[in-house]
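*Asks:* Predicted model, plus sequence, below.
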Amino acid sequence: MSQVPDAAEVVIVGGGNAAFCAALAACESGAEVVMLERAPKEESGGNSRFTAGAIRCVYDGVEDLRRLMPDLTDEEVAKTDFGTYSEEQFFDDMGRVTEYRCDPDMVELLVRQSRETLLWMRDKGIRFQPIWGRQAFKVDGRFKFWGGLTVETWGGGPGLVDGLTAAAEKAGIKICYGARALSLVAGDAGVTALRVRQGGRSKELRAKAVVLASGGFEANHEWRARYLGPGWDLAKVRGSRFNIGDGIRMALDIGAAPFGHWSGCHAVGWERNAPEFGDLAVGDAFQKHSYPFSIMINAEGKRFVDEGADFRNYTYAKYGGVILSQPGQFAWQIFDQKVTHLLRDEYRIRQVTKVSAATLEELVGKLDGVKAEQALATIDAYNAAVQSDSPFDPNIKDGRRTEGLTIPKSNWANRLDEPPFEAYAVTCGITFTFGGLRIDREGRVLDSDHEPIAGLYAAGELVGGLFYFNYPGGTGLMAGSVFGRLAGESAASAVAMKRAAE
Ligand SMILES: Cc1cc2nc3c(=O)[nH]c(=O)nc-3n(C[C@H](O)[C@H](O)[C@H](O)COP(=O)(O)OP(=O)(O)OC[C@H]3O[C@@H](n4cnc5c(N)ncnc54)[C@H](O)[C@@H]3O)c2cc1C
């Protein structure tokens, strides 16, 4: 295990995607780089390791995808409608889902640099592939991608973190595992050092520049209740147990400005009996993302949300919070045989809370914690409200909807009438928090006068201003890459200036 040295030019706090991108960019720009990863090596990689590696980027057509994924065969291209995801679409998605609260400068950087940043990562040895399994359904013999999300990293999150680690080691970057940054040492000249603890001992590490990339505060029960609100302490954590807001706290302690949606977070429907934190052996498979083809019922036996309001990747990140606000913080997703072949892989893992039955009467009796009679009445009313004038099509917003219900289902509404019926129990799984630090267009952390704090940079989940209320799937990794790279480059050029002045 690498010991924390006494001094380094650029110190990166964190060991996830944003941290590695910052480290690689700083190193490429000529700086000597040390990374501090709080987790031991076997749990390293933060939330980035828990992901499926889905990453949202601009592409103007299949030629752009071929540049990124030269392994794509002619046959694969022929059987797929990849569509496009233009800058305009990405801007629109960010604006729409965040209710136009997202910071325009940050969104511009994210969108305009997304394509080029993935090519840069590819140059570093990270490989990508189309997300056939999760973002495209085969209809009439052809795959069609939907929801603006087409690319994933080879090997998912573990593949991404392993690839980034290999690239960092190859570049000569020193990675210190089990090394927790505790605080920043700063004076009039800005940040000059950090306090770090490793192996039970704390020490000071001098630094010419520090990049904070240590995640949000989603794994901190107390901060969740304090900032997200009552009840959020009851959410399950989908990923790393190490993201407790350390980087945010350290920066606020030296005068950094808080920014963004501090009472907001990304949270999804997650296996009801999942453990308190993520389990790397299961990864993201506790999530239950096929709900647009279901109806969801709460403890009262009632529906509570439009399951088909939009494509899954524009609703899933806010529906976790909706589930958390239900009595008992849980819901059941109910499917019939017409759609079970569409269920994502995560429905077929061993660790699911699932019931099935030959009749709806029998099924509602098996939904633990639910008022069965009301549940049956809800399903009957839903079945009677389904309009079948538009054909069901999972690849488009098909407009197959209900009519006359207080809570409509706007797309993909099928009657529940083909047994056996299946139901899956979910609760709220928190992914990451939206509030954090304020940065400028160079990735510098700003103080409460909105002046840069010399020597301090930030990237990834702990930066605020990008996400409000909701989130377009696959943007977390892309943001970590774009802003990580930016912060690393800026930190290295500040170091170069300091070197020249010495
Ligand atoms: C189950 C799951 C699935 C997801 N799927 C996707 C997906 O497919 N696509 C997508 O775009 N996003 C996805 N996300 C969100 C995505 O993981 C994050 O947006 C992204 O990985 C954040 O990267 P990061 O580098 O900022 O943080 P992380 O990857 O969480 O890294 C933070 C790092 O900081 C370290 N750390 C914390 N405190 C300290 C300290 N004091 N000192 C030193 N180190 C510290 C942690 O150990 C960790 O290594 C998913 C998240 C989860 C949990």
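*Replies:* That came through, no problem. Numbering: from 1, shown residues only.
*Asks:* chain center to stretch 232-244, what's the gap?
*Replies:* Distance of stretch 232-244 from the chain centroid (CA atoms, centre = their mean, to the nearest Å) equals 13 Å.
*Asks:* hang on, isn't Lys366 packed against Ala425?
*Replies:* No: under the criterion of CB atoms under 8 Å, Lys366 is not in contact with Ala425, lying 10.4 Å apart. Where you see a C-beta, it was placed from the backbone N, CA and C, and this is true even at glycine.
*Asks:* of those two, who's got more company?
*Replies:* Per other CB atoms under 10 Å, whichever of Lys366 and Ala425 has more neighbours is Ala425, with 21 against 15.
*Asks:* Please name the residues that touch that one.
*Replies:* For Ala425, the residues meeting the contact criterion (CB atoms under 8 Å, 6 or more residues apart in numbering) are 271-273, 330-332, 353-354, 367-368.
*Asks:* again, only this time at 10 Å
*Replies:* Remark: with contacts taken as CB atoms under 10 Å, 6 or more residues apart in numbering, Ala425 is in contact with 269, 271-273, 288, 330-333, 352-355, 367-370.
*Asks:* Emit the PyMOL select command for whichever of those are buried.
*Replies:* To isolate the buried subset of those in PyMOL, counting by 16 or more other CB atoms under 10 Å, use the following:
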select buried, resi 269+271+272+288+330+331+332+333+352+353+355+367+370
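*Asks:* Narrow the contacts of Ala425 to those in strands?
*Replies:* Within the contacts of Ala425, membership in strands is found for 269, 271, 331-333, 354-355, as judged by DSSP state E.
*Asks:* Could I get the buried residue list for the lengthiest helix in the chain?
*Replies:* When the chain is parsed with DSSP state H, its longest helix is helix 475-501. Judged by neighbour count (16+ other CB under 10 Å), helix 475-501 contains these buried residues: 475-495.
*Asks:* Mind checking if it is in reach of the ligand?
*Replies:* Yes: counting by CB under 6 Å from any ligand atom, the ligand has neighbours in helix 475-501: 475-477, 480.
*Asks:* Could you do stretch 195-204 as well?
*Replies:* No: using CB under 6 Å from any ligand atom, stretch 195-204 stays clear of the ligand, coming no nearer than 7.7 Å.
*Asks:* and for that stretch, what are the contacting residues?
*Replies:* By CB under 10 Å, 6+ apart, the residues outside stretch 195-204 that reach it are 1-7, 11, 13, 34, 36, 38, 176-185, 192-194, 205, 250.
*Asks:* Filter those down to the buried ones, PyMOL style.
*Replies:* PyMOL command restricting these to the buried ones, with burial defined by 16+ other CB under 10 Å:
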select buried, resi 4+11+13+34+36+38+176+177+178+179+180+181+183+184+192+193+194+205+250
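*Asks:* Please list the members of the contacts of stretch 195-204 that lie in strands.
*Replies:* 7, 11, 13, 34, 36, 176-177, 179-185, 192-194, 205.
*Asks:* out of those residues, who's near the ligand?
*Replies:* Among these, proximity to the ligand is found for 13, 36, 180-181 (CB under 6 Å from any ligand atom).
*Asks:* Which members of these are the farthest-apart pair?
*Replies:* Pairwise distances among those were taken by CB to CB; the largest, 9.0 Å, belongs to Val13 and Arg180.
*Asks:* list residues touching both of the two?
*Replies:* 36-38, 196, 214, 246.
*Asks:* Leaving out sequence neighbours, find the closest residue to His76.
*Replies:* No His there; residue 76 is Glu. In this structure, Glu76 finds its nearest non-sequential neighbour in Pro130, 7.6 Å apart by CB to CB, 6 or more residues apart in numbering.
*Asks:* got the phi/psi numbers for the residue in the stretch 201-350 of the chain that the ligand sits nearest to?
*Replies:* Here the residue of the stretch 201-350 of the chain nearest the ligand is Gly239; by CB to the nearest ligand atom that distance is 2.8 Å. Gly239 adopts backbone torsions of phi -130, psi -130, taken as degrees, to the nearest 10.
*Asks:* Neighbours of it, how many?
*Replies:* Applying other CB under 10 Å, we find 30 other residues in the vicinity of Gly239.
*Asks:* And for Arg67?
*Replies:* Count around Arg67 with other CB under 10 Å applied: 14.
*Asks:* Over to Asn313?
*Replies:* When counting by other CB under 10 Å, one arrives at 23 neighbours for Asn313.
*Asks:* count of residues packed around the nearest residue to it once chain neighbours are set aside?
*Replies:* Take Asn313 and drop its neighbours on the chain: the residue closest to it by CB to CB, 6+ apart is Gly473, 3.2 Å away. When counting by other CB under 10 Å, one arrives at 26 neighbours for Gly473.
*Asks:* Could you look up the SS state of Gly473?
*Replies:* Three-state call for Gly473 (DSSP: H, G, I helix; E, B strand; the rest coil): coil.
*Asks:* Now do it against Ile55, distance only.
*Replies:* Gly473 sits 10 Å away from Ile55, going by CB to CB, to the nearest Å.
*Asks:* again, but for Ala186
*Replies:* Ala186 sits 34 Å away from Ile55, going by CB to CB.
*Asks:* likewise Ser86?
*Replies:* If you measure Ser86 against Ile55 using CB to CB, the figure is 17 Å.
*Asks:* Of the two, give the one with the bigger neighbour count.
*Replies:* Shown here are Ser86 and Ile55; by other CB under 10 Å, Ile55 has more neighbours (29 against 15).
*Asks:* need the contact list for the nearest residue to that one once chain neighbours are set aside.
*Replies:* With CB to CB, 6+ apart as the criterion, Ile55 has its nearest non-adjacent residue at 4.6 Å, and that residue is Leu477. Shown in contact with Leu477 (CB under 10 Å, 6+ apart): 16-18, 21, 47-48, 51-57, 118, 121, 151-153, 157, 160, 460.
*Asks:* Among those residues, which ones are in helices?
*Replies:* Those of the contacts of Leu477 mapping onto helices are 17-18, 21, 47-48, 118, 121, 157, 160, per DSSP H.
*Asks:* now those residues as CSV including pLDDT?
*Replies:* Converted to CSV, the ones in helices among the contacts of Leu477 look like this (pLDDT from 0 to 100):
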residue, pLDDT
Asn17, 98
Ala18, 98
Cys21, 98
Asn47, 98
Ser48, 98
Leu118, 98
Met121, 98
Gly157, 97
Leu160, 98
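*Asks:* Show me the two of those residues that sit farthest apart.
*Replies:* Comparing all pairs in the ones in helices among the contacts of Leu477 by CB to CB, the longest separation belongs to Asn47 and Leu118, at 19.0 Å.
*Asks:* how about stretch 249-257, does it reach the ligand?
*Replies:* No: when contact is scored as CB under 6 Å from any ligand atom, no part of stretch 249-257 falls within range of the ligand; the minimum is 7.5 Å.
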